[in-house]
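S.K.: here is my input; please provide its structure:
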Amino acid sequence: MSESIITRRGSGGYAKVTFDVPCTKLNKVSNVSMLSVERDHLASTTLGDYALFGGGYSYSSVDTVEVYNKNLTRSTITSLSHIRCELDATTVGNYALFGGGWDDIYRSNVVDAYDSNLVRSTALSLNIEASLLSATTVGNYAIFAGGFSSSEHSSDITTAYNINLTRTSPVSLWEGREKLASTSVGNYALFGGGYNSYNVRGSNCVDIYDSNLTHSLRSLVFTYGKWNLSATTVGNHAIFGCGRFAYGASPYCGNMESFDNNLTRSEVSSGHVYEEYAATTLGDYALFAGGVYATSGQLPKRENYTGVDVYDKNTVLHYNFAPDIGLGRERLSASTIGKYALFAGGRIGESNPKNYVDAFTFETKKIQIYPMSKYKFNDMGSETTSQTLQEIELTTPITGYIKVKNTTVN
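M.R.: Below is the predicted model:
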């Protein structure tokens, strides 16, 4: 671990000790409350002080919405307006939006909106009834795109909502596709990959929408067409993971790619996760967890991955940076709240949904504070004076300082 601790003489007889301690690993949090309902193909997003997990499939579709606060306390809030799985979620302004999905009989175009008080309302419907769609937010717009439509074809339709939930209709995707992934970097929302039912193949398209919803023509592409992938953004890089690109023997695409905020594409070292995984970002690290392990042979031989692949803000892959999730599973969902990254739900095999929730946070460091010393760390609102000798535990990375009255610093 590289730590920078600098001591210098301050005013009033104080020596100022400045801390700049990076993160060296992620720790797994024990005793996290599980979901109340076992389910896979759920959706998640973060709104204010809450991570929301909604919908999913538990031998049939469900309407349950659960939230975790910054202390990882779980609560069940008002359900979705109707049951559905294979939906997606994103946040715009003061609203968390859950849109689309499948209710065991029909595809849905419903968008449920939860405000900052977790009160549910219903926004204007999506422009199409679709499941297996993707959603992300850029600027003041949440965008839902693609999916498997009620006409049983891959959709290219997009729907956008502003911070007041006013609905607009951006230009359609370059081609219709489902099981695609999306994320935003800089002033751009990117929708990448997906399965095209018309051409019976994975797509290599990456559609770009800027913060004014202007759609760029096909200028970005993946090396290979792929679907069942996930994406997240860390620093100035949008990272799109691996996915499936063929059926039969060795069906998995091992390519991971990133796009920076200037839309320059780069190859990223591939970890172990290949499809049906979840991704989220915690601080300066992107986490890809769960899903299907890369194996040779026919699809029945696929294995669920128990590891967590971690990339830093320079898209460097770090092995053994985080412990495993408790149980390897696919079709799970991920979100970040405060100092915690959460991976929830998922299934093992064809019909074994789980209610597991795995939480990760940065390691902690203990720092000793001497009496009458003044200190301020990370997001503390103001400088504090210690009245007694105390040892405080801080979550890395740590930035801040201690002003020590006695110039001897241990």
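
S.K.: middle-most residue in this structure, spatially?
M.R.: residue 280 (2.6 Å; Cα atoms, centre = their mean).

S.K.: skipping its backbone neighbours, what lies nearest it in space?
M.R.: residue 334 (3.9 Å; Cβ to Cβ, 6 or more residues apart in numbering). In short, each C-beta sits where N, CA and C put it, glycine included.

S.K.: rewinding a little: element containing the residue nearest to the centre of the chain, please.
M.R.: Element membership for residue 280 (DSSP states H and E) is strand 278-282.

S.K.: report all helices and strands that that strand contacts.
M.R.: The criterion is 3 or more Cβ pairs under 8 Å, 6 or more residues apart in numbering; DSSP states H and E, and the helices and strands that strand 278-282 contacts are strand 231-234, strand 285-289, strand 333-337, strand 340-344, strand 357-362.

S.K.: ok, back up a step: ok, the residue nearest to the centre of the chain touching residue 333?
M.R.: No - the pair residue 280 and residue 333 does not pass the contact test of Cβ atoms under 8 Å, sitting 9.1 Å apart.

S.K.: which one, of the helices and strands packed on strand 278-282, ends up nearest to residue 55?
M.R.: Between residue 55 and the helices and strands packed on strand 278-282, the tightest spacing by Cβ to Cβ is seen for strand 333-337, at 9.5 Å.

S.K.: against which helices or strands is that closest one packed?
M.R.: Helices and strands touching strand 333-337, by 3+ Cβ pairs under 8 Å, 6+ apart, are strand 43-47, strand 50-54, strand 278-282, strand 340-344.

S.K.: what about stretch 372-387, average pLDDT?
M.R.: In this model, stretch 372-387 has a mean pLDDT of 89.

S.K.: who touches that stretch?
M.R.: Where contact means Cβ atoms under 8 Å, 6 or more residues apart in numbering, the residues beyond stretch 372-387 that reach it are 14, 19, 367, 369-371, 394-395, 398-405.

S.K.: any stretches of the stretch 151-300 of the chain with poor pLDDT?
M.R.: Under the criterion of pLDDT under 70, the regions of the stretch 151-300 of the chain flagged as low confidence span 218, 247-250, 294-300.

S.K.: wait, residue 252 sits on residue 229?
M.R.: No - in this structure, residue 252 sits apart from residue 229 without contact. The criterion is Cβ under 8 Å, and the distance is 10.4 Å.

S.K.: okay, these two: which has more neighbours?
M.R.: Taking other Cβ atoms under 10 Å, residue 252 and residue 229 do not tie; residue 229 has more neighbours (31 against 23).

S.K.: for that one, what are its contacts?
M.R.: Contacts for residue 229 were tallied using Cβ under 8 Å, 6+ apart; they are 179, 180, 181, 192, 193, 240, 241, 242, 243, 275.

S.K.: what do you get for residue 359?
M.R.: Taking Cβ under 8 Å, 6+ apart as the definition, contacts of residue 359 comprise 28, 29, 32, 72, 340, 341, 342, 343.

S.K.: beta-bridge partners for the closest residue to the second one other than its chain neighbours, please?
M.R.: Among residues not flanking residue 29 along the chain, residue 359 sits closest, at 4.0 Å (Cβ to Cβ, 6+ apart). With DSSP bridges applied, the residues forming beta bridges to residue 359 are residue 29, residue 342.

S.K.: measure residue 359 to residue 252 for me?
M.R.: Between residue 359 and residue 252 the distance is 28 Å, computed by Cβ to Cβ, to the nearest Å.

S.K.: and if you look at residue 136?
M.R.: Relative to residue 252, residue 136 is positioned 24 Å away (Cβ to Cβ).

S.K.: and if you look at residue 90?
M.R.: Note on residue 90: its distance to residue 252, by Cβ to Cβ, is 27 Å.

S.K.: what does residue 92 give?
M.R.: Here the distance between residue 92 and residue 252 works out to 33 Å (Cβ to Cβ).

S.K.: got it, and residue 286?
M.R.: For residue 286, the distance to residue 252 under the criterion Cβ to Cβ works out to 20 Å.

S.K.: same question, residue 241
M.R.: 11 Å.

S.K.: neighbours around the closest residue to residue 118 other than its chain neighbours, how many?
M.R.: Nearest residue to residue 118, sequence neighbours excluded (Cβ to Cβ, 6+ apart): residue 77, at 4.9 Å. The burial count assigned to residue 77 is 16, neighbours taken as other Cβ under 10 Å.

S.K.: isn't residue 77 up against residue 67?
M.R.: Yes - Residue 77 is within contact range of residue 67, at 5.8 Å (criterion: Cβ under 8 Å).
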